[in-house]
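[1] coords below, sequence missing:
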């Protein structure tokens, strides 16, 4: 079925819109992938920040205990309730920070945090208990120090492993994010090039399909107008130009 010039132009416009939509979809897909990758990086960065806060509380609790032991051996018990409350607050912050790190981290890190959670809670309660004992029953507190130190060192090793895992995950997420950005840019560029080449090629074909027959029609009309009724009018196509050529051919035959 032959298309009229009107339909050809309409089809070219629809094609241009379709190619624009393809470019838009490619761009949206690229942006979506980049956004998802950036969300992962942000989540891992949050996990690392919370892990660092937990690590700081881990050391702070040890300082609370050693400070209370120093006061206890000196017989200084002023501010006892406040120091005990501070140790309990630090223990709560330690648990809260590590739990927050697990909320935005990978499944592997979540499993590692869940594994040390009982020891972490025991470390927090032991620290608060030791602060209280150091400021009330120093000899008894001294007896519990070796176990406390062993628990501190064990947790320190495990928390270092968690920190290392989170840092590696952050690095991997950043590398993955860079790759996603590069791929997204490449896809958008390739799709834009394809769309541009396709649109130019089809537009050129369409223009040739319209202009060449029009040139033939113009030549035939000029020849007939000059009185040349021997000119051959090649009628091709059934679009508006083809109909014009057919009319010119009939007119020439009638005049002859």
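    Looks like it arrived, so ask away. Everything numeric here is computed off the predicted structure, so don't read it as measured data. Residues are numbered from 1 along each chain as shown.

[2] Look through the chain and tell me its longest helix.
    For the chain, the longest helix by residue count, based on DSSP state H, is helix 138-225.

[3] Check which element follows that one along the chain.
    Downstream of helix 138-225, the first helix or strand assigned by DSSP states H and E is helix 240-255.

[4] For the chain, give me the ranges with low pLDDT.
    Applying pLDDT under 70 to the chain picks out residues 1-3, 237, 256.

[5] Apply 90 and report the result again.
    1-49, 51, 71-80, 98-110, 113, 135-139, 141, 159, 162-256 (pLDDT under 90).

[6] what packs against the longest helix of the chain?
    Packing partners of helix 138-225 (3 or more Cβ pairs under 8 Å, 6 or more residues apart in numbering; DSSP states H and E): helix 5-74, helix 80-103, helix 107-134, helix 240-255. C-beta coordinates here come from the backbone N, C-alpha and C atoms, glycine included.

[7] For residue 183, find the nearest of these.
    helix 5-74 (7.7 Å; Cβ to Cβ).

[8] now for the closest one, which elements pack on it?
    Packing contacts for helix 5-74, counted by 3+ Cβ pairs under 8 Å, 6+ apart, involve helix 80-103, helix 107-134, helix 138-225, helix 240-255.

[9] Save those as CSV, and put in mean neighbour count and distance to residue 231 too.
    Formatted as CSV, these follow (neighbours: other Cβ atoms under 10 Å; distance: least, Cβ to Cβ, whole Å):
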stretch, mean neighbour count, distance to residue 231
helix 80-103, 18, 85
helix 107-134, 18, 82
helix 138-225, 15, 4
helix 240-255, 16, 7
